[in-house]
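Participant: Structural data only, the sequence is not supplied:
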């Protein structure tokens, strides 16, 4: 699976389940801007960086807990191999 498809079908929906669309966009855009990631066309390396950054986001860790956030990052990164 390419990085854009993984972002749109794995990361975004999972965040929206917990945070809603508006907060999801804030989380994604904030990390994308900080990392220099173009969300319209992320590379695989950028996708991995984004997944790791989201997993360490304070809001995500408060909602899911550190272990679940780290587990989710592994699952997201695994989507690239699918």
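Facilitator: Sure thing, it's come through. As the structure is a computational prediction, the values presented were derived from the model and not from experiment.
Participant: Let me know the average pLDDT across stretch 59-70.
Facilitator: For stretch 59-70, mean pLDDT is 97.
Participant: What residues does residue 8 make contact with?
Facilitator: Listed by Cβ atoms under 8 Å, 6 or more residues apart in numbering, the contact set of residue 8 is empty. Quick note: C-beta positions are derived from backbone N, CA and C, even for glycine.
Participant: can you list contacts of stretch 54-62?
Facilitator: So stretch 54-62 is contacted by 11, 15, 19, 23, 27, 28, 31, 69, 70, 72, 73, 76 (Cβ under 8 Å, 6+ apart).
Participant: which residues in the protein form helices?
Facilitator: Taking DSSP state H as the test, the helices found in the chain are 3-6, 12-35, 44-55, 58-64, 66-78.
Participant: Just send the ones you listed back as JSON lines, with mean neighbour count too.
Facilitator: Listed next are the helices of the chain as JSON lines, based on neighbours: other Cβ atoms under 10 Å:
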{"stretch": "helix 3-6", "mean neighbour count": "18"}
{"stretch": "helix 12-35", "mean neighbour count": "14"}
{"stretch": "helix 44-55", "mean neighbour count": "19"}
{"stretch": "helix 58-64", "mean neighbour count": "14"}
{"stretch": "helix 66-78", "mean neighbour count": "15"}
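Participant: Before I go, just wanted to say thanks for your time.
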